[in-house]
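**Student:** sharing a model prediction with you, sequence too.
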Amino acid sequence: MATNVYLPQWGMGMNDATIIKWLTREGDLVKKGDQLVEVESSKVNAEIESPESGKIGKILYEEGQVAKVGEILAIIIGENETLPDENNSEASKEDNSEIKLPSTSKKIKETVQITPRARKLAKELNIDISLVKGTGPNGRILDDDIKSFNSDNSKSSEIAENISGIRKVIATRMTQSNEIPSVTLVSKVVLDKFNEYQKILISEWRKDKIRPTSQDLLIKCLSNAIKKYPVFNSHYLNNEIKTFDDINIGYAFAAKQGLVVPVIKNTEKKSIIEIAKTIREYSKIEKTGFKPEHFSDGTFSITNLSSTVVDYFDPLINPPQVGIIGIGRTLNEPSIDQGELKDRKVAHISLTFDHRVVDGFPAAKFLEEIIKNINEPSIIDG
C-alpha cells in the first residue's frame with residue numbers, strides 16, 4: 001500500500017517550501033520517523049520524517065524546486081511493491097499488485113542522456129541538466145557541455161542564487177503584506193520612566209546574569225495592551241477573523257540568514273524576566289538554526305529600530321496577523337519641568353493595522369494603551 005509524503009504547514013502564514021536536500025533516494029528502504037528531506041520555509045530549515053516504513057518508490061520534487069503546502073513530495077511503497085509505468089496503462093490495469101501513482105500537476109521529465117562524469121559535474125555546479133544541450137552521440141551530454149553551460153550562465157546563475165531561499169520567502173511575505181489595506185498611526189512616547197525602570201531591573205536581575213533591554217520591556221507593555229484590546233490578537237484569513245486567547249508575540253530582527261521573526265508564546269503569562277530569558281535562548285538557537293516551532297502561531301509582531309538612525313517608519317504586517325508596532329530611535333527633546341528647561345528622552349512608536357479588521361478609533365485607543373504601559377512599566381510586570 002502506498003503512503004504519500006506531504007509538505008506540512010508550519011504556522012498559518014506558510015504557503016510553500018523549497019526542497020533543499022533529499023536525504024534518501026528512490027529505492028532506499030526507510031523506517032517510520034527517518035528523515036527524508038530537508039526543506040526551507042518561513043526562514044527556517046526543517047526535515048520531514050517518513051510517515052511509514054517501506055521503500056522510497058518515487059520522488060516528485062527535485063532539489064531547488066518549490067512545493068506548496070499539502071502537495072505530495074514523495075511516495076513510500078512496500079519493500080516488494082513497484083510503481084506502475086505511467087506510459088503503459090494496459091500493464092497497470094493487468095497487474096493489480098502495482099501501486100497507482102497519484103495524479104499531480106508536476107510533469108515527469110523525459111530521460112536525459114548524460115555521461116556519469118557529466119552528471120557528477122552538473123550536481124557539483126548545481127546545474128539543471130534538462131537545460132543543457134548535449135553534443136555527444138544522440139544528444140548525450142558530455143562534461144564539456146556542462147562546463148560550457150556553466151561558463152555561459154555563470155552570471156545569471158549568480159543572480160538566481162541571490163533571490164532564492166530566504167530572500168525569496170521574505171519577498172513573498174512582503175508582497176502579501178503590501179496587499180493588505182493597512183493604516184499606520186504614529187505617536188510620540190516619553191521614555192524617562194521606562195528608562196528608570198530598566199535601570200532598576202539591571203540591579204534586580206544581576207543575580208540571574210541577565211541585562212534587561214528595551215525589547216524585553218516593550219514586549220510586556222505590548223502584551224498587556226493586547227489583553228485589553230483582544231481584536232489585535234487575531235488572524236484574518238479567507239474572509240474570517242479568528243481571535244486567540246494566547247498572546248504570542250513575534251519580534252523581528254536581522255539574523256545571519258536574513259530577517260526572522262521568532263515568536264514568544266504566552267507573553268500574557270510571562271514576567272519581563274521570563275520574556276528576556278526566552279529572547280536570550282533564541283539568540284543562542286539562532287547560531288545553530290531555528291526550528292519551525294520557533295516561528296509558528298504568532299498573533300502580533302514588533303519591530304524595533306531604536307539602535308538605528310530611523311526616527312519612525314511604517315512597519316509591514318506579518319500576514320495573517322492584523323497588526324504590528326515599530327519603534328524608532330531615542331531622541332533628546334527639550335521640555336519645561338517646573339519652570340526649568342530640561343532634556344527628556346522620547347521615541348516614535350508606529351502602529352500598522354489591518355483596516356478590514358480594526359477601525360481607526362479603537363486602533364488609536366490601543367496605541368494609547370501601549371504608550372500608557374511604557375510610561376508606567378512597573379505596573380505591568382507579573
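**Tutor:** Received it, and whenever you're ready, just let me know what you need.
**Student:** any low-confidence regions in the protein?
**Tutor:** Applying pLDDT under 70 to the chain flags residues 10-14, 42-45, 84-112, 152-173, 257, 382.
**Student:** which residue ranges make up the domains of it?
**Tutor:** Here the domain assignment for the chain is 1-108, 111-179, 182-379, based on automatic domain parsing.
**Student:** dump those domains to JSON lines, plus mean neighbour count.
**Tutor:** To be clear about C-beta, it is placed using only N, CA and C from the backbone, and glycine gets the same treatment. What follows is the domains of the chain, written out as JSON lines (neighbours: other CB atoms under 10 Å):
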{"stretch": "domain 1-108", "mean neighbour count": "16"}
{"stretch": "domain 111-179", "mean neighbour count": "14"}
{"stretch": "domain 182-379", "mean neighbour count": "17"}
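**Student:** need the helices for this structure, in chain order.
**Tutor:** Counting by DSSP state H, one finds helices in the chain at the ranges 89-94, 116-124, 143-162, 166-178, 192-204, 214-228, 272-288, 360-375.
**Student:** and the ones you listed: which comes nearest residue 327?
**Tutor:** For these, the distance to residue 327 is smallest for helix 214-228, at 6.5 Å, taking CB to CB.
**Student:** now do that closest one: distance to the chain's middle.
**Tutor:** Distance of helix 214-228 from the chain centroid (CA atoms, centre = their mean, to the nearest Å) equals 22 Å.
**Student:** on contacts alone, who are the packing partners of that helix?
**Tutor:** In terms of contacts (3 or more CB pairs under 8 Å, 6 or more residues apart in numbering; DSSP states H and E), helix 214-228 is packed against helix 192-204, strand 249-255, helix 272-288, strand 300-304, strand 323-327, helix 360-375.
**Student:** kindly recompute the last result at 7 Å.
**Tutor:** Packing partners of helix 214-228 (3 or more CB pairs under 7 Å, 6 or more residues apart in numbering; DSSP states H and E): helix 192-204, strand 249-255, helix 272-288, strand 300-304, helix 360-375.
**Student:** phi, psi for the residue lying farthest from the centre of the chain please.
**Tutor:** Most distant from the centre of the chain: residue 339, at 51.5 Å, with distances by CA atoms, centre = their mean. Residue 339 adopts backbone torsions of phi 80, psi 0, taken as degrees, to the nearest 10.
**Student:** what about it, distance to residue 374?
**Tutor:** Noted for residue 339: a distance of 26 Å to residue 374, by CB to CB, to the nearest Å.
**Student:** before we move on, what about residue 276?
**Tutor:** For residue 276, the distance to residue 374 - CB to CB - is 17 Å.
**Student:** one more: residue 249?
**Tutor:** 15 Å.
**Student:** over to residue 80?
**Tutor:** Counting by CB to CB, the gap from residue 80 to residue 374 is 67 Å.
**Student:** and what of residue 34?
**Tutor:** With CB to CB as the criterion, residue 34 and residue 374 are 50 Å apart.
**Student:** among the helices of the chain, which is nearest residue 67?
**Tutor:** Each of these has some distance to residue 67 by CB to CB; the shortest is helix 166-178, at 13.4 Å.
**Student:** before we move on, the earlier item: is it possible to get CSV of the helices of the chain that adds distance to residue 255?
**Tutor:** Below are these laid out as CSV (distance: least, CB to CB, whole Å):
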stretch, distance to residue 255
helix 89-94, 49
helix 116-124, 28
helix 143-162, 18
helix 166-178, 9
helix 192-204, 24
helix 214-228, 15
helix 272-288, 5
helix 360-375, 26
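**Student:** what's the closest of those to residue 299?
**Tutor:** helix 214-228 (8.0 Å).
**Student:** quick one: which of the helices and strands packed on helix 214-228 is nearest residue 221?
**Tutor:** Proximity to residue 221 (CB to CB) singles out helix 360-375 among the helices and strands packed on helix 214-228, at 3.8 Å.
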